[in-house]
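1. what's the 3D shape of this:
(6 chains)
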Protein chains: 6
Amino acid sequence: MEKKGIGKIALMLALTSGDIDNIKNYYESKNYVIYKGQAGSMDPKKIVAAIETAASREDIIRENYHEEHALYHSIIEALSGYCRGQVMLGEVLRSAGLTFTIVRGPLIEGDRSSGNWIAIVLYGQIGSPRRGFEHEAIGMGIQPI
Amino acid sequence: MEKKGIGKIALMLALTSGDIDNIKNYYESKNYVIYKGQAGSMDPKKIVAAIETAASREDIIRENYHEEHALYHSIIEALSGYCRGQVMLGEVLRSAGLTFTIVRGPLIEGDRSSGNWIAIVLYGQIGSPRRGFEHEAIGMGIQPI
Amino acid sequence: MEKKGIGKIALMLALTSGDIDNIKNYYESKNYVIYKGQAGSMDPKKIVAAIETAASREDIIRENYHEEHALYHSIIEALSGYCRGQVMLGEVLRSAGLTFTIVRGPLIEGDRSSGNWIAIVLYGQIGSPRRGFEHEAIGMGIQPI
Amino acid sequence: MEKKGIGKIALMLALTSGDIDNIKNYYESKNYVIYKGQAGSMDPKKIVAAIETAASREDIIRENYHEEHALYHSIIEALSGYCRGQVMLGEVLRSAGLTFTIVRGPLIEGDRSSGNWIAIVLYGQIGSPRRGFEHEAIGMGIQPI
Amino acid sequence: MEKKGIGKIALMLALTSGDIDNIKNYYESKNYVIYKGQAGSMDPKKIVAAIETAASREDIIRENYHEEHALYHSIIEALSGYCRGQVMLGEVLRSAGLTFTIVRGPLIEGDRSSGNWIAIVLYGQIGSPRRGFEHEAIGMGIQPI
Amino acid sequence: MEKKGIGKIALMLALTSGDIDNIKNYYESKNYVIYKGQAGSMDPKKIVAAIETAASREDIIRENYHEEHALYHSIIEALSGYCRGQVMLGEVLRSAGLTFTIVRGPLIEGDRSSGNWIAIVLYGQIGSPRRGFEHEAIGMGIQPI
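-> Got it, this is the predicted structure:
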């Protein structure tokens, strides 16, 4: 069976609409820490804050700058992918409503040789702040932690 | 049952490692045109060319500038998300090996009201041109066609 | 006589200081829809909103996401050209006062083969929010619609 | 009669398809130095070189770094506007064929108080290296000299 | 003895933590005008304003657009280097606390042949708005004036 | 006496023109690993490669992806600061000749609480590939390792 990368785990969790308990339990038994949440805003800093808050509250990262830095850069890379270039939402009159996943663990399932990594995935809608005038977007950032 | 967006269809196809015939057949019966291929290079233009060639050869886009323009912008947005910012590979000594999917059809499954759209997903590895020194990346671009 | 592109039509209209009725009437008889307005702000989203509002109110675009998306991307490309890189105004203490034109019609005058396109041109001043400390800028975005 | 800015002079010259001698003579009598040329490439550095070479050969800039720096930054700003964001052509499989204008003189016609400035305008086609699969683009950079 | 560039002078002044009077006096005797100040904010425009205000108040630039433009572009280049890419602070939930230096004079110490230039250096901390969760950053912009 | 940050150590070493043995020895006794080298090119990937090669050869980073990733991102951030925005040299007809420093150790001198970090500084000249038509530039990237 294929050994999944940390990114694919985070992507699958973000894309699964219903119950994620089975996938979550399986990968938690493989030394991953996993969280899935929601955020929506015209203000990029609120999305950054929602993810940072969840990561701290759920003890996914330890309370030191080394780990906070890895988390922060993963979020910014994910946002940059989500926005496809310049990180801007309300400044150019668009809004994002999204699901985020945080996954911490080996770079490749079962392979401890490359140390711990963190993957952030953002998946949701981006567009005009008017219902139906939006389309899907995705972004992922991966950093060693 | 949840109605999927064109982006989620393209993402699921890109993330599925094995046989995609079932998913492909299901969505083709729902008015989607679908293609999945591979590309790898240190040169962004080769990735653009691989996707454009596949889209023409498989008749996913018609031979006019209106459609070619939508395809091209979808590819560039997907590359921009994959690179998380500036579209550069070999110029900064990194390489990409990826699976791409092209999906054409309604923005949301079963909803013809918003016309035809095209989604391009790139999913694979990015990193140093040395085995094992790379991690996953994803990018998606969606345009009306 | 030279066949003008949709971009040149939008540029000429933006650069003409006085009465544009002659040019407007001529191109309206050639299947173009044309609008010229003013916007000024330190806030990019107000410029986006001014153009989107004008395009809706004047029925230049139909009330669907397909067309709104083309309009939006044309505006962002024009703003990106106007700002020459990152789309920022007040955030870096500068302001824009500009004329915008919206033109919808064939890519090249008299040529219906490539379908309908939209061109947005922004022409005006950019600079410090102090009189006389500013210079001209231009930006244009063109999308199939 | 309206006093034109250096940008509008450079834009009008770039947009005029036929003979520019009348406009050129008029503005030369108003202390402007003017040049119009052509460049086309998939390689941004060839466009930069074509404009720098013309500016030197025509004695529009003096042979010192102060002036060369102003010219260079004007060209890069114009290219950035032309490409609407990242300055890339062949790297992302697109090509540019364009007319450029170089204008040196007062920021506003007849007003010597703000010193000498240089404006570079690029106007032409950008797109796929295939005939008919391209649309117009414009970019302008203005710097004190 | 090595002839220093204007950038190295501005960098050394920004990096010196204690008294700068000796260095300042030495370079003022070599035709440089020098200023060192502090700024801190989550808002890029407040950093721009702090530097512009200091430059005017200290008569480092003359009250005309030619010089203000050179100052402004130097500041934006320095900020761009400080932020390493997109100029964003609070928008992506980060803050800057920094020392800035403004140096005006010859490009290379003792060499008047290339005219007057201005160098802006920003050196300080960037990071989360939480004590200890930040690291150093630097940025420099140089323009002819 | 002031406790220096890892960035200031790397900056001071890059700016010192003569013998750096005293500074190097002092910080090596404080648990820092230090290297200073030269690189020059119109090709960003050659600068990346020169620094990566030096870091491996001098055993500044261990031969694993975790550390190589931190090094790579530090280099790209430093290059982005050096180029003040888009990482481009020869593509836009400019060249860089620079000194680089690599410093590995505590974020702040004497403070082991925040773990190991790496700082890359680039300091040198950027400009036209013609002698005397260039000015100084600086860039720094800092990552946890």
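
2. For chain A, list the residues in contact with chain F, please.
-> By the rule C-beta under 8 Å from any C-beta of the partner chain, the part of chain A lying against chain F is A:Asn64, A:Tyr65, A:His66, A:His69, A:Ala70, A:His73, A:Leu107, A:Ser113, A:Ser114, A:Gly115, A:Gln143, A:Pro144. From N, CA and C alone the C-beta is placed, and that goes for glycine too.

3. what about the longest helix seen in chain A and chain C, any contact?
-> Secondary structure of chain A per DSSP state H: the longest helix is helix A:65-83. No. If you take C-beta under 8 Å from any C-beta as the test, helix A:65-83 misses chain C, and the best it gets is 11.1 Å.

4. Show the average pLDDT along that helix.
-> Rounded to a whole number, the mean pLDDT of helix A:65-83 is 97.

5. Please apply the same query to stretch A:50-58.
-> Average pLDDT, stretch A:50-58: 97.

6. Restricting to C-alpha, output it in PDB.
-> The C-alpha trace of stretch A:50-58 is given here as PDB (Å, rounded to 0.1, in the frame of the first residue of the first chain):
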ATOM      1  CA  ALA A  50      -7.700  31.400  13.600                       C
ATOM      2  CA  ILE A  51      -5.100  28.800  12.600                       C
ATOM      3  CA  GLU A  52      -2.400  30.000  15.100                       C
ATOM      4  CA  THR A  53      -5.000  30.000  17.900                       C
ATOM      5  CA  ALA A  54      -6.200  26.500  17.100                       C
ATOM      6  CA  ALA A  55      -2.600  25.100  16.900                       C
ATOM      7  CA  SER A  56      -1.800  26.500  20.300                       C
ATOM      8  CA  ARG A  57      -5.000  25.500  22.000                       C
ATOM      9  CA  GLU A  58      -4.800  22.000  20.600                       C
END
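
7. just how off-centre is that stretch within its chain?
-> Computed by C-alpha atoms, centre = their mean, to the nearest Å, the chain-centroid distance of stretch A:50-58 equals 11 Å.

8. Looking from chain C, tell me which residue of chain A is nearest.
-> When distances are taken as C-beta to the nearest C-beta, chain A reaches nearest to chain C at A:Leu93, 4.2 Å away.

9. Same list (the residues of chain A next to chain F) but as TSV, adding neighbour count.
-> Output for these, formatted as TSV (neighbours: other C-beta atoms under 10 Å in any protein chain shown):
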residue	neighbour count
A:Asn64	14
A:Tyr65	21
A:His66	18
A:His69	25
A:Ala70	23
A:His73	20
A:Leu107	24
A:Ser113	11
A:Ser114	19
A:Gly115	15
A:Gln143	25
A:Pro144	23
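
10. Show me what the longest strand seen in chain A packs onto, helices and strands only.
-> The longest strand of chain A (DSSP state E) is strand A:111-127. Helices and strands touching strand A:111-127, by 3 or more C-beta pairs under 8 Å, 6 or more residues apart in numbering or on different chains; DSSP states H and E, are helix A:6-15, helix A:65-83, strand A:95-108, strand A:134-144, strand B:134-144, helix F:65-83.

11. can you do 6 Å?
-> helix A:6-15, helix A:65-83, strand A:95-108, strand A:134-144, helix F:65-83 (3 or more C-beta pairs under 6 Å, 6 or more residues apart in numbering or on different chains; DSSP states H and E).

12. ok, residues contacting the longest helix of chain A?
-> A:48, A:51, A:55, A:61, A:87, A:118, A:120, A:122, A:137, A:139-141, A:143, A:145, B:81, B:84-85, E:133, F:114-115, F:144 (C-beta atoms under 6 Å, 6 or more residues apart in numbering or on different chains).

13. Over to stretch A:18-33?
-> Outside stretch A:18-33, the residues within contact range by C-beta under 6 Å, 6+ apart are A:Ile9, A:Leu13, A:Ile34, A:Ile60, A:Val103, A:Arg104, A:Gly105, A:Glu109.

14. Before I go, just wanted to say thanks for your time.
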